[in-house]
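# when you get a sec, could you give me coordinates for this:
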Amino acid sequence: MLTFAVQQFAGTHKRPPANLQELVSAKLISAVPAAPAGMRYEIDAKNRQVRLVK
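Presented below is the predicted three-dimensional model:
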């Protein structure tokens, strides 16, 4: 879901989002989901993916 939204954003804006909040502002997602405990979301701008990292 997040990776798809990042790809949509990048296709429209010709750049990856700076952060997940930009996806909310662009109305691609309704809210930034909470990451599992001890983890955080990270945008891989080169591959246009979202990863969970510690």
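# drop to CA atoms for contacts and neighbour counts, all remaining ones
Will do.
# who's in contact with R40?
Residues counted as contacts of R40 (Cα atoms under 8 Å, 6 or more residues apart in numbering) are 52-54.
# per-residue pLDDT, A18?
pLDDT, A18: 97.
# got it, and S25?
At S25, pLDDT is 98.
# A45 and G38: what is the separation?
Per Cα to Cα, to the nearest Å, A45 is found 22 Å from G38.
# if you could redo that for N47, that was the one I meant.
24 Å.
# which residues touch the residue lying closest to L20 once chain neighbours are set aside?
Setting aside the residues directly before and after it, L20 is nearest to V32 in space (Cα to Cα, 6 or more residues apart in numbering), at 6.4 Å. By Cα under 8 Å, 6+ apart, V32 lies in contact with 20-21, 24.
# whichever of the residues you listed end up buried, select them in PyMOL.
Selection of buried members from these for PyMOL, criterion 16 or more other Cα atoms under 10 Å:
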select buried, resi 20
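# which SS class is L52?
Secondary structure, DSSP: H, G, I helix; E, B strand; the rest coil: L52 is strand.
# quick one: contacts for it?
Taking Cα under 8 Å, 6+ apart, one finds 35, 39-42 in contact with L52.
# dump those residues into TSV; add secondary structure, pLDDT and distance to R15 as well.
Shown next, in TSV, are those (DSSP: H, G, I helix; E, B strand; the rest coil; pLDDT from 0 to 100; distance: Cα to Cα, whole Å):
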residue	secondary structure	pLDDT	distance to R15
A35	coil	98	24
M39	coil	98	25
R40	strand	98	22
Y41	strand	98	18
E42	strand	98	16
